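S.K.: have a look; sequence and predicted model below, questions after that.
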Amino acid sequence: MNKKKSAPWLQALHAVMPLCLSYIPVGLACGVLLQKVGFDPILTGLLSILVFSGGAQFLVASMLTTQASFATTLLMVFFLELRYTLLGSSLSGFMKKEKRLFLAVFSQSLNDENYAVNYLKYSTDPTWNKRKALYVNWFSMASWTGSNMIGNMFGSVIHVDADLVHFALTAMFIFMFVMQMKNKLLIFTGLFSGVLGVTFMVMFQNTLGLIAATVIASFAGFALEKAFKKREGKKIKTIKKPWQTCQ
């Protein structure tokens, strides 16, 4: 089927299908863990939709296991999810003309993985638009929420090997990183963020290290990109001067 003639939802489904499939084992495991700490399928579904972050939901399950207070859990989730301000600002350049209502709906279903899919499509596909981007968010949310609820319903029966969960989660993020490898700057930023993340996790022994690594690497990449553009601008001006003189 010609991609240009196919329905927007079908194009979005084609783009997000690998992500939806990779969500299934991780989502099942997350649902099982939430069932172990007292969540029923309805609460699991609400948490999946309202939070829609695997890292945050695993964090909630972990902290409830250690009987952490509600305030502590909420604060940790808040700090963990601060990275979405960076993801949202990165996509804002493609959505400058959109209405606030749409942006509110879109941002509610934004997460790390569908951000990567949409950013890649916006950067490489001139026909990509807000409707397809929103479908990507909703399809990924449906896959994640469904997997969570199924895992929760059969939590007492399903046994998920922790090594399999870790492999699937790691493989998913590696896939998303490979999709972003368009130039040396992005590769450097990704590797720099990874090194910082490991270093800070060892130093701090909690997820605050990941937040610090993300912020520092993002600012470093932004500063380098700005410096490169400024340098290229000076080169263009230097090249134009002889031509302008001849004119």
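M.R.: Alright, I've got the coordinates.

S.K.: show me where the chain has helices.
M.R.: Applying DSSP state H to the chain gives helices spanning 8-36, 41-50, 54-65, 70-80, 83-91, 100-108, 112-124, 130-153, 162-179, 184-204, 208-246.

S.K.: nearest residue to the middle of this protein?
M.R.: Residue closest to the mean C-alpha point of the chain, counted by C-alpha atoms, centre = their mean, is residue 112 at 0.4 Å.

S.K.: how distant is stretch 47-64 from the center of its chain?
M.R.: Centroid separation for stretch 47-64 versus its chain: 14 Å, with C-alpha atoms, centre = their mean, to the nearest Å.

S.K.: and it, which residues are buried?
M.R.: Under the neighbour-count criterion of 16 or more other C-beta atoms under 10 Å, stretch 47-64 has 47-48, 51-61, 63-64 buried. Using the backbone N, CA and C atoms, a C-beta is placed for each residue, glycine as well.

S.K.: ditto for stretch 127-137
M.R.: 128, 130, 132, 133, 134, 135, 136, 137.

S.K.: from those residues, which single one is nearest residue 20?
M.R.: residue 136 (9.7 Å; C-beta to C-beta).

S.K.: got a list of what the closest one touches?
M.R.: 12, 15, 16, 114, 117, 118, 121 (C-beta atoms under 8 Å, 6 or more residues apart in numbering).

S.K.: ok, these vs residue 106, which is closest?
M.R.: residue 118 (9.3 Å).

S.K.: quick one, what contacts the closest residue to the closest one other than its chain neighbours?
M.R.: Sequence neighbours aside, residue 133 is the residue nearest to residue 118 in space, at 4.6 Å (criterion: C-beta to C-beta, 6 or more residues apart in numbering). Listed by C-beta under 8 Å, 6+ apart, the contact set of residue 133 reads 12, 106, 118, 121, 122.
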